[in-house]
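>>> I'll drop the sequence and a predicted model, then ask my questions.
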Amino acid sequence: MSRPRLGTALWTLAVAVLAHGLVRALDLGGLCGPLIALCAPFGDRAGPVADALLLAALIGGLPLLAGWTGRPRREAAPEFGWGLLSSAVVAVVLFLPLDGIHALADRAPWLHPLLLGGLATAALFERGCARRLATLIGVEWLKVRKGRLLRTGLLVAAGATLLAGLTYEAAPSESGWTRAAHVLGVGFWTAEILVLVLGATLVAGEISQSTMKMILPHAYRRAEWVAAKATVLVGCAALFGLTVAVVGVVHTTIDAGLDDIVREAVAGFGGEEEVKVFQTADVMRGRMHDLILAAGASLVASALVGLLLSCLFQGLVPALSASFLVFAALKTGDIFLGFTRRTLEGIYAHYPDELRRLTENFGRALSESWDDTLVTTGLTLALLTSATALLVSLRIFGRRDLHG
Amino acid sequence: MSLLQIRSLSKHYGAVRALDGIDIDVGEARIHGFLGPNGAGKTTAIRILAGLIRPTAGSVTLGALDLLGDRTQAAMGLRALVEVPAFYPGLTGFENLQVFAKLARAPRGDVERLLNAVGLTAAAKRAVGGYSLGIAQALVGRPRLVVLDEPMNGLDPAAIHLVRELVLAERAAHGVTFFLSSHLLHDVETLCDEVSIIHRGQVVAGGNIEGLLGHAVSGFHIHTADDTVALRALTRVLPGAKPRIHADGGIEVDGDDALVPALHRTLLEVGVPALSIAPMRETLERYFIEKTEGVMG
């Protein structure tokens, strides 16, 4: 019977800190009434403790549960129990005395990237790892580059962006910025589902077509395979983002122009018509840059969520089905799942849409206030989701038996 | 010193013991046959060696390195082809092999050498598959140990010949060790130096093929001038030897060396002396059936 090791505990601790930001943003603690009630003895700390326990179950329990598959129950059950217990202890120990972890994370935005970097370093950088990783990235890139999905996907994303521009019917008073935001919105929406599908095929696809059993016998750690696939996936997401951005911006610039946004007003009775610059092109370019940045980060996060789904399922069909469901929840959760605005604000995919809406309204010279925190929150959530998805993928795939 | 050492290797699925503490040693540059009926645990063991599944208990060392603990060092010289080979559909034969050459850090020119060896040089720029390319993938980068799961299953005679020749050539040229499972006992008998027979998750027999079969005489093949008279006499005098006419002529009897004087005496008494009495060796097939209680794979 295995016992929890220090490495496992530290791993859980670091992942818990990373994922805690996500839980806070999603306000899961608020949704967990029964869990909070269970934590009532902790008084005013019941919320953080409930968060911690939830994390323990999610982060410590899910991968262990996945690792349980195919193992004798009598032997796996104690390990599962120990894993869950150690996760819970680590999480509670972390959050209970360190009440200021919230404030610390707020004061130090570099905390999460630092932890992520530390984890990646600890997990991957041993002797010869960099060379092995470089080899695997080369191999993965060759496979993705030669596969149909990337090339077809890029064409589809570019085509959808262009089509959105060509079929757009502009109102008389609106500027090219509205059109650009709309076109980019369509393009990124299309790209998002494509990267999610690409991510979902990377591991499950290889298992389905049996190539996984050909490559795994080689002298690489499974974590290195996942890291290489994730790296290539991030590159592909960037390529999708770049394609959509270039096609959308170039088409709109040629077709409608991206100039200053002006407001026309008559200065008093009998006065002359006055034209005022409402937003300069420079300011709007900065906002468009923010929109593309947030949408790009969202693409990366969705791609890595796809990779996580790919690691969860043996077959390609379940992985793809799950990715479509996730996409539906991300993009239409408010309509079909009744997500409140507060819940939506906890999802990374909400921010590019929100920034697009604001940009469209600015382009119509409507009075809006630009909220700089939307970009930072969107980026932070995308980063946290990416990190959590990657780490859980590493954990799940590393422990899984591959049958069939 | 064995190249591959498997000790107390077990894999349990709930109450089912797919592998129940097997021990196997494979020496350097040996061809080791891994035999067993369907469901005996062959593929489970091979999947563990290939790193596809984790054992419940036990250890595997390859050249004194722990294969189950850290594959990054121990699996450097290991290749495995589990069941039928698979290929990346978007890649040509050359590119498919190149993927594995990169993974194995194979020397320059190894891809061309192997494509030539399996007769696929002309088809290298097409999206090709087949077992020939699969075995080329398993041999890329000069491995020390190659694990092949049913390598001759479903192949035509020419492909079986190619696989056999490749295995022997790689062993002779580079001292490659092979660990292969197969249902084709005749091929195993002619190709392998040693075998392990697994049944219900346990190794029930193992060792050098000559050692296992060489000394055991299972019967005799007798030629006489009149097989009908000889058979009648043998059946009357030695019914326990189960005399019978062989399809290719002559008479077959069961028994060991102690039977020979009685055979000569009986045949001389009826006036049809033996023209030849050839001992019949134990075949791997008979040995396998005996060890696995008649369960054929």
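Received, thanks.
>>> Please make it C-alpha for all contacts and neighbour counts, starting now.
Will do.
>>> Could you chop the chain up by domain?
Chain wasn't specified; assuming chain A. Following automatic domain parsing, one finds the domains of chain A at A:6-108, A:129-399.
>>> Can you look at chain B instead?
Split into domains by automatic domain parsing, chain B comes to B:2-89+B:142-213, B:217-281.
>>> burial measure for the residue of the stretch 301-404 of chain A found nearest chain B, as a count.
When scored by Cα to the nearest Cα, the stretch 301-404 of chain A has residue A:401 as its residue closest to chain B, at 4.3 Å. Residues near residue A:401, counting by other Cα atoms under 10 Å in any protein chain shown, number 21.
>>> looking at chain A, which helix or strand does the model trust least?
The least trusted helix or strand in chain A, going by mean pLDDT, DSSP states H and E, turns out to be helix A:62-68, with a mean of 45.
>>> which residues touch residue A:158?
Contacts for residue A:158 were tallied using Cα atoms under 8 Å, 6 or more residues apart in numbering or on different chains; they are A:187, A:243, A:244, A:247.
>>> For residue A:234, give me its contacts.
With contact taken as Cα under 8 Å, 6+ apart, residue A:234 is in contact with A:300, A:303, A:304.
>>> Which secondary structure state is assigned to residue B:205?
Under DSSP: H, G, I helix; E, B strand; the rest coil, residue B:205 falls in the strand class.
>>> pLDDT below threshold where in the chain?
You didn't pick a chain, so chain A it is. Along chain A, the parts satisfying pLDDT under 70 run over A:1-37, A:45-127, A:266-271, A:404.
>>> ah, I was thinking of chain B
Scanning chain B for pLDDT under 70 picks out B:129, B:214-216, B:294-297.
>>> Pull the distance from the longest helix seen in it to the chain's centre.
Longest helix of chain B, by residue count under DSSP state H: helix B:157-174. How far helix B:157-174 lies from its chain's middle: 13 Å, per Cα atoms, centre = their mean, to the nearest Å.
>>> what does chain A put close to chain B?
When proximity is defined by Cα under 8 Å from any Cα of the partner chain, chain A lies next to chain B at A:70-74, A:135-136, A:139, A:143, A:146-148, A:209-211, A:213-221, A:400-403.
>>> Which among the residues you listed count as buried?
Buried members of the residues of chain A next to chain B, counted by 16 or more other Cα atoms under 10 Å in any protein chain shown: A:70-73, A:135-136, A:139, A:143, A:146, A:210-211, A:213-221, A:400-402.
>>> and after the longest helix of chain B, which helix or strand comes next?
Toward the C-terminus, helix B:157-174 is succeeded by strand B:177-181 as the next helix or strand (DSSP states H and E).
>>> Could you confirm whether that next one reaches chain A?
No: residues of strand B:177-181 are not located near chain A by Cα under 8 Å from any Cα, the shortest gap being 14.1 Å.
>>> Give the other helices and strands that the helix or strand that that strand is followed by contacts.
With elements assigned by DSSP H and E, the helix or strand that comes after strand B:177-181 is helix B:185-191. Contact here means 3 or more Cα pairs under 8 Å, 6 or more residues apart in numbering or on different chains; DSSP states H and E; on that basis helix B:185-191 packs against helix B:284-291.
>>> Show me what counts as buried in the helix it packs on.
Buried residues in helix B:284-291, counting neighbours by 16+ other Cα under 10 Å, are found at B:284, B:285, B:287, B:288, B:291.
>>> next one: stretch B:270-286
Within stretch B:270-286, judged by 16+ other Cα under 10 Å, the buried ones are B:272, B:273, B:274, B:277, B:279, B:280, B:282, B:283, B:284, B:285.
>>> Just give me the closest of the residues you listed to chain A.
residue B:285 (28.5 Å).
>>> Report the separation between the closest residue to that closest one other than its chain neighbours and chain A.
In space, and not counting its chain neighbours, residue B:285 is closest to residue B:185: 6.0 Å by Cα to Cα, 6 or more residues apart in numbering or on different chains. Taking Cα to the nearest Cα, to the nearest Å as the measure, residue B:185 falls 25 Å from chain A.
>>> In this structure residue A:386 contacts residue A:298, no?
No: distance between residue A:386 and residue A:298: 9.1 Å, which falls outside the contact criterion (Cα atoms under 8 Å).
>>> what about residue 201, neighbour count?
Just going to use chain A. Residue A:201 sits with 25 neighbouring residues when counted by other Cα under 10 Å.
>>> please go with chain B instead
Using other Cα under 10 Å, residue B:201 has 25 neighbouring residues.
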